[in-house]
Each structure stands twice: as structure tokens, then as C-alpha cells.
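Colleague: Sequence and computational prediction follow.
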Amino acid sequence: MAITIDDYVDVAQQAQDLGSSLPPGLALLPRDFEKLTPGADFLFDGQATTLEKILRGRGVEVARLEAPGTGTAFIHNKSHDWVVPVMFIGSELLKSDPNLVSACIDIVKDHILERFKGINPKIKASIVVERTHSKSSTRITYEGDAAGLGQLAKVIRELPDD
Amino acid sequence: MTDPWAVWWRAFDERLAEVACLLYLTRDIELQRAGEPILSALYDDAESMRLEMLAAGRMDEALRALGTRYLMDAFRAELRMYVLLKEGDPDHAWDQLVHAETAYIHAARAHRAIEAQIAEYVTRLARLEQDAFPAQVFMSAGLIVRRQQCSVCGGDYQVCEHIVGEIYDAEFCHIRLMDVTADHFAIVEQPANKMCRITHFSTAGGKRNRMTWAVTPDSGNASREIPDGAMMAEAVMMTASDIEGTVARY
């Protein structure tokens, strides 16, 4: 299991620069969002639609960041690695629902454990959390098995805010 | 009145016992060849019963029939694997091993009673994979997909209510990938499809088969220049299998 933490771009600003805007609630970001330039396709990890469905099914408001121009596509990797699309949680949302991250991670964990019973896939997950005042963000990346996902929620809970 | 499910199940079990005993490497190859059409008939039979139970609203039995259908698919693939090994074709035997393993997983997920029933078969195949075949180098394709069609409703997976891997009307939901372009290929430890693997690599005098270790002339690469220190490899990147379990490699 490995968890890394690094500074991330100002998500709202980058979305605006790309001609898009953040949806209310939890947002799924396209792959390499921080490096995208205006006009680029938004490419989401193949599990994005499934993730949206399972989260919505449990009452979590979630949407993909929509591409303004050419459209959205998905990248499906034919491996048993389960790549959780990058989830962005704004500071207001986190303040209003501090348990949201843990709840989402539990939902994902339960789904993977049930769906891949007897396979034990490698999970890759990134969650981007916005800081309250500076509006800059922190990205927490997890690689490991589904059972260890709980550690990710713990790390996010203990992140210092500004 | 006799329950049609109970009658069917008893008869099915008796027919199955005739072929299940052939799932060993030492069994006679002609008996194993003769067992394949019997398993195909049992597969069709389980599918008919799944539809009948579904129509009757008997979901538990429909799910058990679904699991049984996958079980017949797994048995048939395992039987073919033994035949192919005896015919000296370990590459295609490997495909059937992987097909059987996948079908066993589906069978177990379809119904709890089957999950308990097949633990012995799953363990045996896992041991065979590890001990009878050499370690493999697996490949995974990364595909850019512009349309995802739901197998349950035929609609756009983005907007329908179904979830891949879940069971609806006694059938698994999966996504049909459409409008697809290849993005990359990668070597991975845990491929979704273990049939995708490096099959040959270049060596002095031709190419070496990773399964048999035999070297054959490499007519396809004869005209290509291989830089010093580099190695050419042949790999299966994608496969498709039809309802009869026949595998096409790409």
C-alpha cells in the first residue's frame, strides 16, 4: 500500500480556463486534468460512469466535469487494476459534510470487494481536496488493495487546512 | 404435483455426473472428446431452464440456472484444455484454462450454492495454472471509448440505471465498448484477460515460444532490422470468444 500527497492546481480556476465549470457536489475530474489545455478532449477513467451510479445510488451528489467542446471519452484498461477516477471535493462541501470522504470511500470499497470477489484487484485512487482559504488543492493518491482504502480516508481527515 | 425444477435438476445432475468424471488429465482422450458435445447440450439445457424460471418469476432458480450455465461453460473449457494438452497445443490449452477460470468466477457470483460447490474445481485449476504452465508475461490494452452500450437494456450506459457486474433478470450486466481506438498497451501483473500475453520473443535462429520453449524460424520479422540489445516480441493483445467458447486472438 502506498499513499502520496502533493500540491494540486486550483481546480475551479483550471476548469474555468478550460471553458468548463465545476458541478455542485462531488466532481469527477478527467485524466491529467491539471495538464489539460483549452480544446483538449476530456478523457475519464472507464469506471467513471459506474462510480457515478454507485455513489448516486447511495445518495451522494456527483457529476463529471463536462467538456465544453469536442466531448467526453473513456479510457478502459483491460486489467484488473481498478482505477478510481479523480474525485474533487470542494472546501464548502467538505465543511458541510465532513463524513463525505469516508462515506464515498466505503461505498467504493464495498463495491470492489463484492464485484471482484476472489480476485483482489490493485486499486488506484486519487482524491483532490480544496483548502478553505487559499483555494489551492491537495491531491492524495492511493495504490493498494481494496481493504486498505480506509487508510485513505484517515489521511484526508488528518490533512491540515489553511 | 412434482416441481419441474426438481425434476429437471435431478436429471441434469445424473447427466452431468457422466462427464464430470472426465475432468482429469489422465482420462482417455476419446472419452473426453465425446464429453464435449454432452456439456454443450447441458449448457443449452441450463440456459433454457434459466429462461423458463425467469418467466415463472422464480428468481432463485433462475440464478442457479445461470450459475449452472457458467459451470457447464467452465467444465467444457477445462475438458478442452486436457484434450489440447494431449494434442501438444499448450498455447490454446492455456486459453481454455483462462476461459474455465473466468466461467467459474461467474458461476460462483451467480449463486451462493454454486460458489460452495465449485471450490474444489477452482483450487485445482489454480494449481494447474501455477504448476503445469510456465509463468506468463501479461498484456493489457488501454482503449479510448466514445460509446458504452449497456448489455441489459441496449441503451447508453451513461444514462441507464444498470451497473456493470450486477445481475438483472438472471443475467450479468456488461458494457459493450463501441467507437473504440487503441490508446496504449502495457505489461501488467493482473490482466483482466490472462489470454493476453507475450507468446514469442526473438532469439538466435528465430523466435522462441514462451510456452513450449521451442524455436521456430521467424519469417515475419526476417526483413526487419532489430537494433542491438533489443528484442522483438509477439503478443496476444485482445481476444474475443463466442458462446461456444471458441477464442479468436488479436
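Modeller: Great, that's in hand. Model, not experiment: these values are computed from the prediction.

Colleague: hey, where'd the helices end up in chain B?
Modeller: B:4-20, B:29-55, B:59-86, B:90-110, B:112-117, B:119-131 (DSSP state H).

Colleague: Check which helices and strands the fifth one is in contact with.
Modeller: With contacts taken as 3 or more Cβ pairs under 8 Å, 6 or more residues apart in numbering or on different chains; DSSP states H and E, helix B:112-117 sits against helix B:59-86, helix B:90-110. Backbone N, C-alpha and C define where each C-beta goes, glycine included.

Colleague: thinking again about what came up before, mind putting the helices of chain B into CSV with mean pLDDT?
Modeller: Shown next, in CSV, are those (pLDDT from 0 to 100):
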stretch, mean pLDDT
helix B:4-20, 90
helix B:29-55, 96
helix B:59-86, 96
helix B:90-110, 93
helix B:112-117, 88
helix B:119-131, 92
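
Colleague: any chance of these in CSV, plus mean neighbour count?
Modeller: As requested, these are exported to CSV (neighbours: other Cβ atoms under 10 Å in any protein chain shown):
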stretch, mean neighbour count
helix B:4-20, 14
helix B:29-55, 17
helix B:59-86, 23
helix B:90-110, 23
helix B:112-117, 15
helix B:119-131, 14
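
Colleague: TSV please, covering those and showing distance to A:Asp6.
Modeller: Formatted as TSV, those follow (distance: least, Cβ to Cβ, whole Å):
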stretch	distance to A:Asp6
helix B:4-20	55
helix B:29-55	50
helix B:59-86	44
helix B:90-110	37
helix B:112-117	42
helix B:119-131	39
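
Colleague: and A:Pro68, which of the ones you listed is closest to it?
Modeller: In terms of Cβ to Cβ, the element of these nearest to A:Pro68 is helix B:90-110, at 40.2 Å.

Colleague: helices or strands up against that closest one?
Modeller: Helix B:90-110 packs on helix B:59-86, helix B:112-117, helix B:119-131, strand B:171-172, strand B:247-249, going by 3+ Cβ pairs under 8 Å, 6+ apart.

Colleague: so can I have CSV of the ones you listed showing distance to A:Ile112?
Modeller: Shown next, in CSV, are the helices and strands packed on helix B:90-110 (distance: least, Cβ to Cβ, whole Å):
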stretch, distance to A:Ile112
helix B:59-86, 21
helix B:112-117, 18
helix B:119-131, 20
strand B:171-172, 16
strand B:247-249, 27
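
Colleague: quick one, which of the ones you listed is nearest to B:Ala17?
Modeller: When these are compared (using Cβ to Cβ), the closest one is helix B:59-86, at 11.6 Å.

Colleague: Between helix B:119-131 and the closest one, find me the angle.
Modeller: 30 degrees (axes from the mean of the first three to the mean of the last three Cα atoms, to 10 degrees).

Colleague: how about the residues of chain B that lie near chain A?
Modeller: B:105, B:108-109, B:122, B:140-146, B:148, B:157-158, B:161, B:163-165, B:177, B:183, B:186, B:188-193, B:196, B:238 (Cβ under 8 Å from any Cβ of the partner chain).

Colleague: and the residues you listed, which are buried?
Modeller: B:105, B:108-109, B:122, B:140-141, B:143-145, B:148, B:157, B:163-165, B:177, B:183, B:188, B:191-193, B:196, B:238 (16 or more other Cβ atoms under 10 Å in any protein chain shown).

Colleague: Please narrow those residues to those residing in strands.
Modeller: Cross-referencing those against strands under DSSP state E gives B:140-141, B:143-145, B:148, B:177, B:183, B:188.

Colleague: Which of these sits closest to A:Ile3?
Modeller: B:Val188 (21.4 Å).

Colleague: For that closest one, give the beta-bridge partners.
Modeller: When bridges are called by DSSP bridges, B:Val188 pairs up with B:Phe138.
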